[in-house]
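Asker: Structure for this input, please:
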Amino acid sequence: MRPLRSPEPTWRRRSAAMESLSVKATDGVTTTIAFCFFHALKNPTANIALTYILAVFLVARFTDGYSFGLFSSFVGVVCVNFLFTYPYFALDFTMAGYPITFVAMFSISGITSAITSNMKTQARVLAEREKMLMEAEKEKIVRSRTVSFRDIHIAKVTTNTETEYAAETPSKLARAITGKISDEFETEKIYSDDSVEDVNMSYKGTSVELEVNSLAPQDKSQVFGHLYEKGFLIKTKDDKAPELALGWRAKKLNGKYEFKWLYCGRFGQGFEDNYETEGETKTTQTATLKGDFYARQMDGRYECSVDESNLLTEHTEAAAAIKDWFSKVQEKPDAA
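Answerer: Just a heads-up that it's a prediction; the model follows:
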């Protein structure tokens with residue numbers, strides 16, 4: 001028993017039908033234009049032939065394969081001979097010059113079809129290759145170690161309600177030395193039948209400990225809410241650390257950066273200034289500040305970050321954000 005041929009896909013049949021209809025329409029329009037030339041010009045044969053050659057070129061360019069172009073060539077040769085050459089409405093291929101016209105039109109069709117088919121094949125191969133590269137890029141996950149910590153910025157939070165979040169323009173705080181950022185969660189085990197049925201986890205907050213080179217009086221005023229006026233820094237027992245957003249970036253071993261913003265928090269756990277007498281060898285001292293950060297009221301988000309190492313081609317918004325990361329407290333576009 002002979003195997004049955006698989007049916008041709010419906011979309012391919014529809015495409016071939018549309019191309020066939022387009023070829024017929026092109027030949028019809030060309031013949032109409034040729035009749036206009038025939039009645040308007042004294043010696044229109046050459047112009048009519050060129051019109052059909054143009055039609056052959058267009059058909060070959062915008063259809064697949066060779067068959068439609070060759071068909072259009074055949075129609076053109078027959079129409080020129082039958083409709084526009086004396087004796088009219090009669091075929092006569094023995095006339096001088098017609099074999100050359102016939103061969104020329106078929107050659108144009110074949111060459112154009114070959115070139116356009118090759119172009120379409122190359123375009124299809126390139127599109128498939130690009131798609132494969134994009135798929136491979138999506139599957140590639142980069143895990144590179146952190147090697148540096150820098151560019152600490154703060155921004156005063158001006159609005160933090162259930163309906164709105166806003167912060168001022170960020171400013172650089174101090175030169176970063178070390179940073180310890182710890183997300184903390186509360187866990188509750190739920191028991192049933194003398195065993196753990198489930199574990200309930202909830203975000204508690206993020207503890208932040210930063211070591212910087214030094215804090216200027218202006219920095220201390222911004223971070224801890226102290227009064228800085230006329231060169232004097234005044235601390236009182238009623239000072240309250242303002243609500244801040246905290247941003248920074250960390251360099252990876254591969255040369256890329258990870259960018260972060262914590263949306264809400266206060267440096268209310270204290271501040272350490274270290275002092276040491278000067279000996280034979282000078283020892284520089286650093287400053288340490290500690291704070292608690294938490295989720296904002298509007299949507300419960302507490303952090304926004306972008307890892308440059310894992311950005312894909314279509315991640316255009318994230319790529320644009322990291323170019324100007326510290327110009328504002330960044331938001332994922334759908335959260336803005």
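Asker: so where do the helices sit in the stretch 51-200 of the chain?
Answerer: Under the criterion DSSP state H, counting those that start in this stretch, the stretch 51-200 of the chain contains helices at 67-83, 98-139.
Asker: Tell me which of those helices lies nearest to Ile181.
Answerer: Ile181 lies closest, by CB to CB, to one member of the helices of the stretch 51-200 of the chain: helix 98-139, at 28.3 Å. No exception for glycine: its C-beta is placed from N, CA and C like everyone else's.
Asker: Could I get the average pLDDT for that closest one?
Answerer: What helix 98-139 shows for mean pLDDT is 72.
Asker: One more: stretch 231-239?
Answerer: Stretch 231-239 carries an average pLDDT of 93.
Asker: Same question for stretch 250-258.
Answerer: 93.
Asker: Now that stretch: buried residues?
Answerer: Using 16 or more other CB atoms under 10 Å as the test for burial, stretch 250-258 gives Ala250, Lys251, Lys252, Lys256, Tyr257, Glu258.
Asker: Check whether the residue nearest the centre of the chain sits in a helix, strand or coil.
Answerer: Nearest residue to the geometric centre of the chain (CA atoms, centre = their mean): Glu314, 2.1 Å. Assigned by DSSP: H, G, I helix; E, B strand; the rest coil, the conformation of Glu314 is coil.
Asker: Check the gap between it and Ala174 for me.
Answerer: From Glu314 over to Ala174 the distance is 37 Å, taken as CB to CB, to the nearest Å.
Asker: ok, now Pro217?
Answerer: Using CB to CB, Pro217 is found at 12 Å from Ala174.
Asker: More neighbours: which of these two?
Answerer: Ranked by neighbour count (other CB atoms under 10 Å), Pro217 and Ala174 place Ala174 first, with 19 against 14.
Asker: On the pLDDT front, check the most far-flung residue of the chain relative to its centre for me.
Answerer: Largest separation from the mean C-alpha position in the chain: Pro87, at 64.7 Å (CA atoms, centre = their mean). Looking at Pro87, its pLDDT reads 72.
Asker: The one 5 residues further on now?
Answerer: On pLDDT, Asp92 comes in at 69.
Asker: Equivalent analysis for Ser195, please.
Answerer: For Ser195, pLDDT reads 83.
Asker: Same list (the buried residues of stretch 250-258) but as a markdown table, adding distance to Ser182.
Answerer: What follows is the buried residues of stretch 250-258, written out as a markdown table (distance: CB to CB, whole Å):
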| residue | distance to Ser182 |
| --- | --- |
| Ala250 | 15 |
| Lys251 | 21 |
| Lys252 | 20 |
| Lys256 | 24 |
| Tyr257 | 21 |
| Glu258 | 16 |
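Asker: Could you single out the nearest of the residues you listed to Val208?
Answerer: Nearest member of the buried residues of stretch 250-258 to Val208, counting by CB to CB, is Ala250, at 13.9 Å.
Asker: Show the contacting residues for the closest one.
Answerer: Going by CB atoms under 8 Å, 6 or more residues apart in numbering, Ala250 touches Thr146, Ser148, Phe149, Arg150, Tyr257, Glu258, Lys260.
Asker: Buried ones among these?
Answerer: Buried by 16+ other CB under 10 Å: Phe149, Tyr257, Glu258, Lys260, out of the contacts of Ala250.
Asker: Take these and keep only those in strands.
Answerer: Using DSSP state E, Tyr257, Glu258, Lys260 are the members of these that sit in strands.
Asker: can I get those residues in TSV with distance to Ser221?
Answerer: Compiled in TSV, these are given as follows (distance: CB to CB, whole Å):
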residue	distance to Ser221
Tyr257	30
Glu258	30
Lys260	24
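Asker: Tell me the buried residues in the host helix or strand of Asp292?
Answerer: Counting by DSSP states H and E, the element that carries Asp292 is strand 287-294. Residues Ala287, Thr288, Leu289, Gly291, Asp292, Phe293, Tyr294 are the ones in strand 287-294 that count as buried (16+ other CB under 10 Å).
Asker: And stretch 171-184, what's buried?
Answerer: Those would be Leu173, Ala174, Ala176, Gly179, Ile181, for stretch 171-184 by 16+ other CB under 10 Å.
Asker: Just the ones of those residues in strands?
Answerer: Residues of these located in strands (DSSP E): Ala176, Gly179, Ile181.
Asker: how close does the last one sit to Leu289?
Answerer: Right, the one you point to is Ile181. Distance, Ile181 to Leu289, by CB to CB: 13 Å.
Asker: What lies in contact with stretch 50-57?
Answerer: Contact with stretch 50-57 is made by 26-27, 29-30, 33-34, 37, 69, 72-73, 75-77, 79-80, 104-105, 108-109, 112, as judged by CB under 8 Å, 6+ apart.
Asker: ok, 6 Å please
Answerer: Thr26, Thr30, Ile33, Ala34, Ser72, Ser73, Gly76, Met105, Ile108, Ser109, Thr112 (CB atoms under 6 Å, 6 or more residues apart in numbering).
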